[in-house]
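Peer 1: give me a model of this one.
(chains A, B, C and D)
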Amino acid sequence: MTVPVHLRHDETFVLNLGPQHPATHGVLRVKLTMDGEYIVKAEPVLGYIHRMHEKMAENGTFAQFMPNTARMDYLHALAFNHGWALVVERAAGIEVPERAEYIRVITVELNRIASHLLWWAAFLLDLGGFTPLLYAFDDREKIIDLLERVTGSRLTYCYLRFGGVYNDIDDEFIAGTRDFIKRLRGRMPRLYHDLVTHNIILIKRIKDIGFVTAEQCRRYGATGPVARGSGIDYDIRKNEPYSVYPEFDFDVPVFTEGDSMARYMVRMHEMEQSMRIIEQALDKLPGGPVMGKAPKVLKPEAGYYYSAVETARGSLGHRLVCNGDKNPYKLKLRSPTFSNLSLFGEVAEGMLLADALAFMGSLDLVIPEIDR
Amino acid sequence: MGLVEQTQAALAELFPEPALPAAPAGEGDQEAPPRQAGVVVTDAARHGSHLDVLCRPDQVVAVARVLDQDGYFLEAISGVDWLDKGQFEVIYDYNRLGGEHCRVTVRALVDRNEPAVPTISGVFPAADWHERETFDFYGIRFQDHPNLIRILLPEDADFHPLRKDYMP
Amino acid sequence: METSIWHALLYLVGIMAFAGVNAAWLGWCERKGAARIQRRIGPCEAGFAGLLQPLADGLKLMSKQLLVPQGVDGIIFRVAPVLAMIPAITSMVVIPFSENIGARAMELSVLLLFALASIGMIAILLGGWASGNKYAIISAARSVSQNLAYEIPMLLTVITVVLISGSMNLREIAIDQQGGFWHWNIFRLENGHFLTMWISFIIFFICSVAETNRAPFDMAEAESELVAGFMTEYSSMGFGLFMMGEYLNIVVGACLTATLFLGGWDCPFGKTPGVWWFVLKIYILIFTFIWIRWTYPRTQIYRLLNLSWKILIPFSLVNLLVTAALIKVF
Amino acid sequence: MSGYLSDIVTGGKSLVTGLAITAREFFRPVVTEQYPWEVPTMTPLFRGHIELIGNEETGEPNCVVCGMCQRACPSVCISLDGKKNESGKGKVLTRYILDFTKCSLCGSCVESCNFNALRFSRDYNLASFDKNDFTMDLMKRLEEQNRCKR
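Peer 2: Got it, this is the predicted structure:
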């Protein structure tokens, strides 16, 4: 509830939120011009963790860029792998066997739940609640152990290959995933909803805070849970189906209020939907190879290619320009949080500092993904 | 696919002379005769975008305004450095937020020595940061952009890293 | 209570020991309690079950260099942490630990306690203002408005207790509640006081949590917003003193709640009153402080002030009215 | 007025349920693993830094110095060279240095080697004060393994 107050522009002082600040989850710096505790103007300053992935893509071959994709959004690394694999497979015309598609969907959705769990934990930590973090990390640890069995790494996965996946999943993984889903479904109502979602302090802290209208989302290009919290029914898995998503029935949670509470509820429901997808994928898991045939050195046909993938934070786009030799000629990574954050300046005006942080937490920022 | 035709028609008024339907986008740029400005339908399954619009830099704002009316949102702005042809290329990607899916790619070629493209941050505020980033990496000046300064590189950097002739 | 020099010296040492031990080992209790709630173990390496951890922390804090940043008001910067510690310790003088253990039983001991509590508030304000750090200034402004907002309902609820016990002297209040838990102020059955006393107890407890800048109300030292609030610029013992001051405030808050509402050193079955009952009650209350801290997120400054001005104060006023009426009627 | 009261009642109830949940959690067993004392079990696919595979009898590395891993590595961490084999056919590995500071454990080298000469090692506590400890000589490491195997 941003109190409409006349902001005196003469007695303001500039406060640097970041780059070392507990609430910015990484090295984001926001230059706040403040009048007392009200924000007169907020201007995010980026680039503190910029590594120029796009130049690395141009210098290395297509396969050599796969490890980089996981270093951008380390919370949902598999979706970034998936995006890069998708655009190169489209460019080079590589077929992916059915089983590999299913394994990709299962691991990506597991990674999405892990990402939402970590977002929930960090969001509660921003709002001052310490204990939920430990409960969320307890669950997330189960997912990471499962994914480590299959991919070999715990956070920055390099699991997908052009034309399939690195190696097959075994029965222990499938059994482990089913137990995990049963366990999380058991804990969700009590530890997540009763302890936190229905808590009056939390409701008052994030309800009616940080209103983002659908028009603002469209003009700033915000996608993912931020857009779905403002009433825009846009999920790439449904609107622009890729991989084998059309074969699963899951619904896209959309809330129309557009405040932090709506974005919070969107992500909590999305965890439930991801579990549904995983269960259906495990039931319909076909046999067969996990690696299609792909040439060792890829030389895709010259042209312009674009692929969009739904990550936990929004639509990740790869704009690829090839000129026929073994290196990508140009790769532009459209990171979802880059656009989601661009509306922060406009929405945070007139807000309290504490509300601005609750709003920033509900945007679910991952800074290395913004700075690339 | 009503939406694609409808958008194509909306964009067609901007380009009076008929577009060359023969060469779809990016097919062997060198041999095919250079495409006139125009709208071409491309195969989305492979190239990701339904419509490919090649336009002159000064038409960029007009195209943006047409797409803004149709309810598109700006997904990304990327620059490409065609060193051998001595040209920069700015690619605008527009997409639909919800409803039927249709992605429009607008490409504008600009001379390499004095690259100047009018800004569309008036129409789409999302373009503000994307244009600053393209300026940061390529040095393409976006005319009357609210504050065209570097966004990702340190302020005192005097180089444009993504240019093909950039040697660290 | 004769006041010979030996008596004073004995109590000086006794209170300093009690304060020192409590300030250090409450940190240990907090970390252990938080760990158990979060289903982990907490400090368990230093000594048996981590009991030497506070010594290790204290040693570390003392060995660090006290940095006084440039452009800081030197004197106030150094005085503020000490000022945060003094009221917490001096208010232990008037707390009646048991029948014959109690440093000084003054007539207006309740009033003295509240005067000292506001000195604690001033210490936070000075600490925040003197360190010249923007975050600290915001935190100082916040803590003043918060402590002010929660002092009033606290006073109003204490007045209801004083009305019932008839005296401002903590010892008399405690003696008045002797003889079994049905005599305690909360469960006092005669002339229907238990009704109003329950509301006073809850309001008083909320206010003491807010007064010590704890848990849902830790606006002054909000880690995720103001980095470390007024303690941002303090290092080594400056920070240490502020932390110990906070823990001692919790002890004083718990002692006050125990004395006013839970019958001081009285045994629940009225047979063996003694100081251990008093200490047991304090530590149960302190555990609830810890318990609350590790359950709830932090409120926002507006909700905090609304809670006090719009809910706690009206309720405590009505409560005061009802108590006065009940006394008049019966 | 009713909104005011109902707000307090529902708020109070949610606070009490919150306390009840944390109380229940307070008494439940500990979930965390005490690391230095209890070591977690290692998954089969764990990726330590890479190491050479020696064939069982002679203990010589299987590597034929084809340089595929060197080319596949995105961050150029592997540098190896070999000399002509006396009997004239093929090459023998003389030096194999891995610069682990730049390695991103992507596995391209292990995948690109089709002579079964590389695999992921399984040691994970690699802390050291000196950066040069991480430019590892995998040949020496293979000899040590062979020596301690005998």
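
Peer 1: and the nearest residue in space to residue D:116 that is not next to it in sequence, how far from chain A?
Peer 2: In space, and not counting its chain neighbours, residue D:116 is closest to residue D:62: 5.7 Å by CB to CB, 6 or more residues apart in numbering or on different chains. Placement of C-beta: from N, CA and C, glycine included. Using CB to the nearest CB, to the nearest Å, residue D:62 is found at 20 Å from chain A.

Peer 1: now do residue C:72
Peer 2: 17 Å.

Peer 1: what does residue B:128 give?
Peer 2: With distances taken as CB to the nearest CB, residue B:128 is found 7 Å from chain A.

Peer 1: mean confidence score for stretch A:67-85?
Peer 2: Averaging pLDDT along stretch A:67-85 yields 93.

Peer 1: again but with stretch A:323-341, I slipped
Peer 2: Rounded mean pLDDT across stretch A:323-341 is 92.

Peer 1: gap between the two ends of that stretch?
Peer 2: Distance between the two ends of stretch A:323-341: 33 Å, counting by CA to CA, to the nearest Å.

Peer 1: related to what we said a few turns ago, can you pull the phi/psi pair for the residue nearest to residue D:116?
Peer 2: For residue D:62, the backbone dihedrals (degrees, to the nearest 10) come out as phi -70, psi -10.

Peer 1: tell me the pLDDT of it.
Peer 2: Value for residue D:62, per-residue pLDDT: 86.

Peer 1: for residue A:308, helix, strand, or coil?
Peer 2: strand (DSSP: H, G, I helix; E, B strand; the rest coil).

Peer 1: related to what we said a few turns ago, the residue nearest to residue D:116 against residue D:115, yeah?
Peer 2: Yes: using CB atoms under 8 Å, residue D:62 is in contact with residue D:115, at 5.4 Å.

Peer 1: and the helices in chain C?
Peer 2: C:5-37, C:53-63, C:74-90, C:109-130, C:134-165, C:170-176, C:193-211, C:223-226, C:236-261, C:275-293, C:301-306, C:313-329 (DSSP state H).

Peer 1: mean confidence (pLDDT) on the last one, please.
Peer 2: Confidence over helix C:313-329 (mean pLDDT, whole number) is 89.

Peer 1: regarding residue D:93, what is its secondary structure?
Peer 2: strand.

Peer 1: element containing residue A:42, please.
Peer 2: Assigning secondary structure by DSSP states H and E places residue A:42 in strand A:38-45.

Peer 1: mind listing what's buried in that strand?
Peer 2: Within strand A:38-45, the residues scored as buried using 16 or more other CB atoms under 10 Å in any protein chain shown are A:38, A:39, A:40, A:41, A:42, A:44.

Peer 1: tell me the two of these that are most distant?
Peer 2: Farthest pair in the buried residues of strand A:38-45 (CB to CB) is A:38 and A:44. Separation: 18.0 Å.

Peer 1: tell me the one among the buried residues of strand A:38-45 nearest to chain D.
Peer 2: The shortest approach to chain D among the buried residues of strand A:38-45 belongs to residue A:38, at 25.5 Å (CB to the nearest CB).

Peer 1: I'd like the distance between that closest one and residue A:356.
Peer 2: 10 Å (CB to CB, to the nearest Å).

Peer 1: what do you get for residue C:32?
Peer 2: 35 Å.

Peer 1: of those two, who's got more company?
Peer 2: Between residue C:32 and residue A:356, counting by other CB atoms under 10 Å in any protein chain shown, residue A:356 is the more crowded of the two (28 against 20).

Peer 1: surely the more buried one and residue A:349 touch.
Peer 2: No: with contacts counted by CB under 8 Å, residue A:356 stays clear of residue A:349, the gap being 9.5 Å.

Peer 1: which parts of chain D sit against chain C?
Peer 2: Counting by CB under 8 Å from any CB of the partner chain, the positions of chain D adjacent to chain C are D:8, D:15, D:18-19, D:21-23, D:25-26, D:28-32, D:34.

Peer 1: A strand includes residue A:321, no?
Peer 2: Yes: assigned with three-state DSSP, residue A:321 falls within a strand.

Peer 1: contacting residues for it?
Peer 2: A:303, A:304, A:305, A:328, A:329, A:330, A:331, B:26, B:80, B:91 (CB atoms under 8 Å, 6 or more residues apart in numbering or on different chains).

Peer 1: same check, this time on residue A:50
Peer 2: Here residue A:50 is in contact with A:371, A:372, B:152, B:153 (CB under 8 Å, 6+ apart).

Peer 1: next one: the first one from residue A:42, what distance?
Peer 2: Distance from residue A:371 to residue A:42, counting by CB to CB: 18 Å.

Peer 1: and if you look at the third one?
Peer 2: For residue B:152, the distance to residue A:42 (CB to CB) stands at 19 Å.

Peer 1: so where is the chain shaky, pLDDT-wise?
Peer 2: Since no chain was named, I'll use chain A. By pLDDT under 70, the low-scoring segments of chain A are A:1-9, A:24.

Peer 1: ignoring the adjacent residues along the chain, who's closest to the residue of it found nearest chain C?
Peer 2: Closest to chain C within chain A is residue A:128: 2.8 Å, counting by CB to the nearest CB. Distances taken as CB to CB, 6+ apart place residue C:298 nearest to residue A:128, at 2.8 Å, with adjacent residues excluded.

Peer 1: still on that earlier bit, ok, the residue nearest to residue D:116 - contacts?
Peer 2: Going by CB under 8 Å, 6+ apart, residue D:62 touches D:52, D:53, D:54, D:55, D:115, D:116, D:117.

Peer 1: can you tell me how far it sits from chain C?
Peer 2: Residue D:62 is 45 Å from chain C, by CB to the nearest CB.

Peer 1: how about chain D: which residue is closest to chain B?
Peer 2: For chain D, CB to the nearest CB, closest residue to chain B: residue D:76, 15.6 Å.

Peer 1: could you confirm that residue falls within a helix?
Peer 2: No: read with three-state DSSP, residue D:76 is coil and lies in no helix.

Peer 1: secondary structure class for the closest residue to it other than its chain neighbours?
Peer 2: Of all residues not flanking residue D:76 in the chain, residue D:102 sits nearest, at 7.2 Å (CB to CB, 6+ apart). For residue D:102, the assignment made with three-state DSSP gives coil.

Peer 1: near chain D, which residues of the stretch 101-250 of chain A?
Peer 2: A:131, A:135, A:138, A:145, A:148-153, A:156, A:158, A:166-167, A:190-191, A:194-195, A:198-201.

Peer 1: can you give me the domain assignment for chain D?
Peer 2: Domains of chain D are assigned by automatic domain parsing as D:1-31, D:50-149.

Peer 1: tell me how many other residues crowd residue D:125.
Peer 2: Using other CB under 10 Å as the criterion, the residues surrounding residue D:125 number 7.

Peer 1: quick one on the thing from earlier: drop anything exposed from the residues of the stretch 101-250 of chain A next to chain D.
Peer 2: Buried among these by 16+ other CB under 10 Å: A:131, A:135, A:138, A:148-153, A:156, A:158, A:166, A:191, A:194-195, A:199-201.

Peer 1: so which of those are also by chain C?
Peer 2: Restricting those to those touching chain C (CB under 8 Å from any CB) yields A:131, A:135, A:138, A:195, A:199, A:201.

Peer 1: may I have the phi/psi pair for residue A:141?
Peer 2: Residue torsions, per degrees, to the nearest 10, at residue A:141 are phi -60, psi -40.

Peer 1: any idea how far residue C:154 is from residue C:230?
Peer 2: The value you get for residue C:230 to residue C:154, if CB to CB is used, is 21 Å.

Peer 1: looking at the two, which is more packed in?
Peer 2: residue C:230 (32 against 25).

Peer 1: and the residue of the stretch 101-250 of chain C found nearest chain B, how close does it get to residue C:229?
Peer 2: Residue nearest to chain B within the stretch 101-250 of chain C: residue C:134 (22.8 Å; CB to the nearest CB). Distance of residue C:134 to residue C:229, given as CB to CB: 12 Å.
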